[in-house]
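1. Sequence plus predicted model, see below.
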Amino acid sequence: MEQCILQIALDTPLDFCFDYRWTGAPGASLPLVGQLALVPFGRREVAGVIVALAEKTEVPLDKLKDVLAVRAQLAPLSDTWLALCAFAADYYQRPLGEVMVPGLPKNLRASKTTSLDRALKKLGKALPGHDATPAAVPILNAAQQAAADAIADGVGFSPSLLYGVTGSGKTEVYLQAAAQLLAQHGAQPNPAQILILVPEINLTPQLEGNVRARFPGLAVVTLHSGLAEGERLTHWLAAHLGQARIVLGTRLAILASLPHLRLIIIDEEHDPSYKQQEGLRYSARDLAVWRAHQLGIPIVLGSATPSLETWQHAQSGRYRKLELRERAVKDAVLPTVRLIDMERDKPTEGITSFLISALKLRLERGEQSLLFLNRRGYAPVIACDACGWISNCTRCTAFMVLHKPDRRLRCHHCGLEHRVPRACPTCGNIDIQPLGRGTQRIEESLTNIFPEARITRIDADSTRRKGSAQAAFATVHRGEIDILIGTQMVAKGHDFQNLTLVGVINPDTALFSQDYRAGERLFAQLMQVAGRAGRVARKEGGSPSEVLIQTRYPQHPLYAAVMAHDYDRFASALLAERQQAALPPFIYQALLRAEAKELKTGLDFLQFAATCLAHPGITINDPIPMTMTRVANVDRAQLLVESASRPALQAFLKRWIMVLRATKTRARWSLEVDPVDI
Ligand SMILES: [Zn+2]
Ligand SMILES: [Zn+2]
């Protein structure tokens with residue numbers, strides 16, 4: 001009989017691995033580190049990852065349980081993958097099993113191996129590539145060519161920022177750099193794999209199409225949360241077995257097993273969706289940089305409005321800066337950005353007369369317009385003039401939003417909803433009014449102003465059904481829509497061929513947000529939505545595309561930078577401010593959050609946390625209620641911890657979390673390293 005002890009990482013809140021006994025037939029080969037094993041845990045059977053083989057265990061023999069099965073048919077996860085997970089667990093202060101296991105496809109973790117065996121058989125038969133003629137390869141301009149060459153020629157760990165204005169052809173640089181690299185490292189037995197991360201795959205179907213068309217002979221797979229379980233397993237396995245040569249995925253793909261990874265590309269690297277906001281609160285961008293460093297491979301971070309962290313690395317020379325200053329399509333120029341002063345041109349129904357004239361002109365010319373408003377619903381609140389009642393959510397520190405088409409009030413934070421009351425619930429006044437404007441209300445106003453125009457709205461409400469977003473975008477691309485209204489969903493990725501006007505309805509609220517990152521985000525959003533216009537060559541004699549921003553603060557420096565398309569200046573000013581105020585990226589932060597039925601429970605816990613350990617070199621701020629204190633009847637508080645030294649902060653967090661884990665409290669708490677929403 002062969003026997004050994006296996007240390008197995010399981011998805012539990014406990015920060016250690018579990019010992020199990022493995023017994024095999026005489027002469028059987030021992031399990032390998034990186035293989036999956038099925039074990040009994042409590043009353044369940046769960047799958048985990050073997051992280052070590054041992055001869056001894058501290059578990060008493062009568063308590064030691066047996067491994068139920070080892071998934072020997074599957075090649076073990078590599079040492080580098082295990083090291084990536086170990087780093088993430090260590091850096092984000094989470095249990096190792098919680099990093100490793102949930103990211104594996106469900107069907108891989110199942111008790112039965114039916115799905116796994118079927119998927120392996122399917123992959124064994126045929127590579128999921130297909131034969132077709134590759135799409136024509138566009139000729140790059142000089143700046144694009146230089147960037148693509150620099151990326152593909154990168155030796156060892158070589159991080160680059162691909163900084164290019166919207167429409168400058170960053171995607172083409174990625175594709176041609178990828179093609180070069182695949183050609184260099186295409187030989188058997190270990191042909192190169194490339195990982196391309198995108199913020200939201202469903203909003204960028206064009207990219208997936210482009211990649212497939214360009215590399216028709218290669219297996220291209222996607223990894224994102226929208227996949228069905230069966231697909232997810234096949235795609236994951238294709239990556240793990242090295243068959244998939246290009247993996248296109250959202251943030252979760254950063255933890256995919258890619259044994260022959262040679263290049264990582266992160267498109268729109270500044271996008272907030274690269275940050276996971278629950279559980280393991282990781283930054284896929286930061287993990288990607290670590291992974292590239294670990295493997296000694298090139299990584300490209302692409303953006304028109306890089307995050308300040310990345311920008312600072314590029315300025316300091318840690319990342320190479322590759323610039324695309326021109327739009328790729330000849331004669332396509334950046335749109336003219338203008339501000340409409342809402343104090344002078346008072347809007348009716350939320351739209352100024354200047355913007356109405358501009359829309360009218362586009363309708364006459366048969367061109368398309370896009371109106372951007374990052375607030376869905378009809379109105380953010382309804383109110384009673386007589387007694388001052390407003391539609392607060394009873395469970396959150398938030399308003400109930402009016403959704404007019406279905407006559408409901410809905411809380412966007414806890415999901416509570418009910419019918420719109422016929423009269424004020426407090427005083428009975430029947431004249432209760434919507435205040436403010438969401439996308440539905442703007443759509444209604446436009447329909448009144450331009451009854452003959454073909455208008456559509458794209459936001460989370462209008463695209464609830466699967467595939468409806470793609471269908472709606474398709475009608476815009478086919479030219480069946482004159483005016484498109486939408487939230488940030490419309491700002492990303494799409495090249496609208498006939499769009500020459502972008503109107504921004506009311507971006508001012510972000511100017512005065514408590515969140516110091518709000519300005520950075522607004523700038524990125526405005527540049528991105530502005531970038532939807534004028535991506536094609538200007539027609540003979542046609543006027544350039546326009547972006548019109550309605551604002552009450554036309555003097556604000558952020559708008560001046562947007563008008564000048566001057567990210568450099570804006571970023572330099574912001575970095576100087578951050579340095580002066582001792583904010584990231586000049587210091588490092590962690591945020592401890594506590595939630596409880598009563599605010600005091602959370603605050604008491606945080607107060608204890610603030611004082612339970614000596615902390616030289618660490619600043620611990622006062623515990624405070626979160627800005628939106630109550631969500632779904634739970635009160636939330638937070639404690640911000642800062643340090644000028646990342647190692648000092650990491651060392652403190654390590655000791656701190658041990659103490660916190662041993663502390664009894666009724667509060668639910670979580671720790672976030674490098675928080676983005678404070
Ligand atoms: Zn009232
Ligand atoms: Zn609510």
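-> Now that the structure is in, tell me what you want to look at. Ligands and ions are numbered 1, 2, ... in the order given.

2. quick one, what contacts residue 386?
-> Going by Cβ atoms under 8 Å, 6 or more residues apart in numbering, residue 386 touches 424, 427, 429, 431. From N, CA and C alone the C-beta is placed, and that goes for glycine too.

3. Compare those residues and tell me which has the most neighbours.
-> residue 424 (20 neighbours; other Cβ atoms under 10 Å).

4. Identify the residues contacting that residue.
-> Per Cβ under 8 Å, 6+ apart, neighbours of residue 424: 384, 386, 387, 389, 430, 432.

5. on that earlier part again, with respect to residue 351, which of the contacts of residue 386 is nearest?
-> The closest of those to residue 351 turns out to be residue 431 (Cβ to Cβ; 24.2 Å).

6. was I right about that closest one contacting residue 383?
-> No - taking Cβ atoms under 8 Å as the definition, residue 431 is not a contact partner of residue 383, at 10.5 Å.

7. quick one, what contacts residue 400?
-> Residue 400 neighbours (Cβ under 8 Å, 6+ apart): 381, 382, 391, 392, 393, 409, 410, 411, 416, 417.

8. One more: residue 186?
-> Residue 186 makes contact with residue 192 under the criterion Cβ under 8 Å, 6+ apart.

9. do residue 636 as well
-> 593, 594, 595, 602, 625, 626, 628, 629, 630.

10. Among those, which pair sits farthest apart?
-> 594 and 628 (14.7 Å).

11. thinking again about what came up before, mind giving me a markdown table with the contacts of residue 400 and columns for distance to ligand 1 and pLDDT?
-> Shown next, in a markdown table, are the contacts of residue 400 (distance: Cβ to the ion, whole Å; pLDDT from 0 to 100):
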| residue | distance to ligand 1 | pLDDT |
| --- | --- | --- |
| 381 | 14 | 95 |
| 382 | 11 | 96 |
| 391 | 11 | 96 |
| 392 | 13 | 96 |
| 393 | 18 | 96 |
| 409 | 15 | 96 |
| 410 | 21 | 96 |
| 411 | 20 | 97 |
| 416 | 21 | 96 |
| 417 | 21 | 95 |
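
12. Counting neighbours, which of these end up buried?
-> Among those, those classed as buried by 16 or more other Cβ atoms under 10 Å are 381, 382, 391, 393, 409, 410, 411, 416.

13. just those that are near ligand 2?
-> Under the cut-off given by Cβ under 5 Å from the ion, ligand 2 has 393, 411, 416 from the buried ones among the contacts of residue 400 close to it.

14. And the closest residue to the second one other than its chain neighbours, how far from residue 403?
-> Translated: residue 411. Among residues not flanking residue 411 along the chain, residue 393 sits closest, at 4.0 Å (Cβ to Cβ, 6 or more residues apart in numbering). Using Cβ to Cβ, to the nearest Å, we find residue 393 at a distance of 14 Å from residue 403.

15. next one: residue 20
-> Residue 20 is 52 Å from residue 403, by Cβ to Cβ.

16. With residue 306 instead?
-> 36 Å.

17. What of residue 30?
-> From residue 30 to residue 403 the distance is 60 Å (Cβ to Cβ).

18. And residue 372, by the same measure?
-> Counting by Cβ to Cβ, the gap from residue 372 to residue 403 is 20 Å.

19. Show me which of these two is the more surrounded one.
-> Higher neighbour count among residue 372 and residue 403: residue 372, with 27 against 19, using other Cβ under 10 Å.

20. So in terms of bridging, what pairs with that one?
-> Taking DSSP bridges, one finds residue 486, residue 504 as the beta-bridge partners of residue 372.

21. In contact with it: list those residues for me.
-> Residues in contact with residue 372 (Cβ under 8 Å, 6+ apart) are 486, 487, 490, 491, 502, 503, 504, 505, 529.

22. Quickly name whichever of these is closest to ligand 1.
-> For these, the closest approach to ligand 1 (Cβ to the ion) belongs to residue 505, at 28.7 Å.

23. per-residue confidence for the closest one?
-> pLDDT recorded at residue 505 is 94.

24. And the closest residue to it other than its chain neighbours, how close does it get to residue 153?
-> When the adjacent residues along the chain are set aside, residue 505 lies closest to residue 373, with 4.1 Å between them (Cβ to Cβ, 6+ apart). Between residue 373 and residue 153 the computed distance is 44 Å (Cβ to Cβ).
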